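A.B. asks: Kindly generate the corresponding structure for this input.
(chains A and B)
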Protein chains: 2
Amino acid sequence: MTNHRLTPLAHSLPASVPFVGPETQERAQKRPFTARLGANENVFGPSPRALSAMAETGHWMYGDPESHDLRAALARHHGTTMENIVVGEGIDGLLSYLVRLFVAPGDAVVTSDGAYPTFNYHVAGFGGALHKVPYVADGEDPESLFARAAEVDAKLVYMANPDNPMGSWHRGADIAAAMSNLPEGTLLVLDEAYVETAPEGTALPLPFDDPRVIRMRTFSKAYGLAGARVGYALGAPELITAFHKVRNHFGMNRAAQAGALAALEDPDWLAHVQAEIAAARDRIAQIAGQHGLAPLPSAANFVTIDCGRDHAFAKAVLDGLVARGIFVRMPFAAPQNRCIRVSCGTPADLDAFAAALPGALADAEKG
Amino acid sequence: MTNHRLTPLAHSLPASVPFVGPETQERAQKRPFTARLGANENVFGPSPRALSAMAETGHWMYGDPESHDLRAALARHHGTTMENIVVGEGIDGLLSYLVRLFVAPGDAVVTSDGAYPTFNYHVAGFGGALHKVPYVADGEDPESLFARAAEVDAKLVYMANPDNPMGSWHRGADIAAAMSNLPEGTLLVLDEAYVETAPEGTALPLPFDDPRVIRMRTFSKAYGLAGARVGYALGAPELITAFHKVRNHFGMNRAAQAGALAALEDPDWLAHVQAEIAAARDRIAQIAGQHGLAPLPSAANFVTIDCGRDHAFAKAVLDGLVARGIFVRMPFAAPQNRCIRVSCGTPADLDAFAAALPGALADAEKG
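C.D. replies: Residues are numbered from 1 along each chain as shown, chains lettered A, B, ... in the order given. Modelled structure (predicted):
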């Protein structure tokens, strides 16, 4: 095509999707899911104050390119300054900016095999060389991650805490201690998307000015605003300022800015959601156990269930659930792909999951 | 900083903002603007159906990564196929993806001097070499743009029709005719953000499969949803598919998808807004004329006013308006920067503009 002179890098990329969305599956199946338990969304939803704030927004106006009021509130919330915070279009959007800032073709990046595919998508999209280390005991392992980073002279090393898709977690203090082995010149990208559903002590207990790490947070999980696309990064001011070189300054949805601010200012609703999530985790674990499956401990808004056999078996269970109207997902990499991952749902959602599981297991047994 | 090894390109970029937002100015002035007439927003707002659709959205769910329903509706609206359409986070977001796909460091891109700064920001952000041609008769000039594209072997040539910041426009048929001089290997990026407020015949009358051009459209202007961040591009399927290599698949706000769909399906509201905009343009022209200034013809949702002297004078008028609580902007490049640009407003907004203008002019006269 003479008119489409893509860059060599763009030409080499596949037109791929990190995840298939549930709506795509619903269109293929020609029916909606009964329970939407696959995307680690928060069915308990955002604070009613967030809904009001979004409804009252003047949608005809562009959003404030500085996200000033939200950043000011976040700075108060975290006991830091606005200069330590950049707001963006979800963690996905912020990861894209971060990778663009750091990764030129051939630059080394380290992550865990089976960790967040969208991060890998961005690294590939900017031509980075992605190096993967295996999970250890179904969790991300800072020691192996940082050791590999040293070997390959990584510019970025990605780690989620709590982890997705396994739900495992480390004490923040343990990660801070492991960072003594983080190589000079490697930035730790610490994805704390699920930290609000984790035990006290999970967040990294280091100053936000520490130049060795950037923390990613979101309103998509505990705050129930996945559809709004609001994330933020916490880091040293010099690093945060670099985002202004490349970010889409007018890219934030105005209602989303207002909704996130209102959600942040409603700690009672957050506590309510945290309790609902804890109860749902217990219920998912109970359902799994009743059917001879092993739920893994989780600090996130989902429970990953060890189906006890190989990937083929777990995939058959997943397919059986999907065929029965239950949207779930599963880990990508071996041996974690012996599991399925079930997001927290309402009691009715989990009743539907409980009702569908025996049939899915029976089908998988028949294999 | 040992931990912040930005790419050489990222290191070289300024932490700049294409535009200063009105909220930033309000914070600096410690008071809100009386009339918000600077960002070419649509104060008449979105369809009430769009407001309902957004309020009814389950904000806890991620948006459909395919924007399937919106694309299907757009395909019907334009008499084309979904494969000709990609939906993105406003035209700004789509321009960023497009430039990323095409522009490697040093690649040539052509635009008009004084045209859309955010496009230039993206080109600089990916290391492109930006070549500018002057406006002709206060309008973008396809002949000069395409001739310069041939000279520099441009990968992209940007043109807006109607134009921002001048409000001038070409018949679509004239652009199609000029495209006989568009070089092989140059893609025309035709920004039609304002086409819904322009006379019949302004849209490019070529098939959407034509591989020489990609058209940018938005819900931010006539549809009144600037805060929602929904744009779309129309082009040949092969070109549209390339966006899937780099776009943020889960980047669309779910409520915005629903709001845009509802807005598209309310042509009566669009007609109402078009009439309000036409009336506001007439009123702005009248106010300008009453004070001895020359309004330029406009096909957009703003009127650019020739202040009749040099840039310093126009800037003084603008400053006088801003100081009086009227948010307006002005063209960046000479000689167009002898003008100020006033977005369409409500009758009350324009009363405020009319009340502030004599004082602003008097101050500017005193210089």
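
A.B. asks: measure the residue lying closest to A:M330 once chain neighbours are set aside to A:P22 for me?
C.D. replies: Spatial nearest neighbour of A:M330, excluding adjacent residues (C-beta to C-beta, 6 or more residues apart in numbering or on different chains): A:I340 at 4.7 Å. Using the backbone N, CA and C atoms, a C-beta is placed for each residue, glycine as well. A:I340 sits 15 Å away from A:P22, going by C-beta to C-beta, to the nearest Å.

A.B. asks: Please apply the same query to A:D210.
C.D. replies: Counting by C-beta to C-beta, the gap from A:D210 to A:P22 is 38 Å.

A.B. asks: Same check on A:Y232?
C.D. replies: A:Y232 is 26 Å from A:P22, by C-beta to C-beta.

A.B. asks: Equivalent analysis for A:N253, please.
C.D. replies: Counting by C-beta to C-beta - A:N253 and A:P22 are separated by 21 Å.

A.B. asks: In terms of packing, which of the two has more residues around it?
C.D. replies: Each of A:N253 and A:P22 has its neighbours counted (other C-beta atoms under 10 Å in any protein chain shown); A:N253 has more, 30 against 22.

A.B. asks: isn't the more buried one right up against B:G227?
C.D. replies: Yes - checked against C-beta atoms under 8 Å, the pair A:N253 and B:G227 is within contact range at 6.3 Å.

A.B. asks: which residues are common contacts for these two?
C.D. replies: Common contacts of A:N253 and B:G227 (C-beta atoms under 8 Å, 6 or more residues apart in numbering or on different chains): A:G63.

A.B. asks: pLDDT weak spots in chain A?
C.D. replies: Chain A contains residues with pLDDT under 70 at A:1-3.

A.B. asks: hey, which helix is longest across it?
C.D. replies: As assigned by DSSP state H, the longest helix anywhere in chain A is helix A:267-290.

A.B. asks: mind listing what's buried in that one?
C.D. replies: Using 16 or more other C-beta atoms under 10 Å in any protein chain shown as the test for burial, helix A:267-290 gives A:269-270, A:273-274, A:276-277, A:280-281, A:283-285, A:287-288.

A.B. asks: And the strands in the stretch 1-150 of chain A?
C.D. replies: Taking DSSP state E, counting those that start in this stretch as the test, the strands found in the stretch 1-150 of chain A are A:35-36, A:85-88, A:108-112, A:129-133.

A.B. asks: Go through those strands and name the closest to chain B.
C.D. replies: Chain B sits nearest to strand A:35-36 of all the strands of the stretch 1-150 of chain A, at 7.0 Å, using C-beta to the nearest C-beta.

A.B. asks: thinking again about what came up before, out of the buried residues of helix A:267-290, who's nearest chain B?
C.D. replies: Top of the list for closeness to chain B, among the buried residues of helix A:267-290 and by C-beta to the nearest C-beta, is A:V273 at 10.1 Å.

A.B. asks: Now do the contacts for the closest one.
C.D. replies: Here A:V273 is in contact with A:N42, A:F44, A:A222, A:Y223, A:G224 (C-beta under 8 Å, 6+ apart).

A.B. asks: Between all of the residues you listed, which two are separated the most?
C.D. replies: Within those, A:F44 and A:Y223 form the most distant pair, 10.3 Å apart (C-beta to C-beta).

A.B. asks: So if I had to pick from these two, which one is more boxed in?
C.D. replies: The neighbour count for A:F44 versus A:Y223, taken as other C-beta under 10 Å, is higher for A:Y223 (28 against 20).
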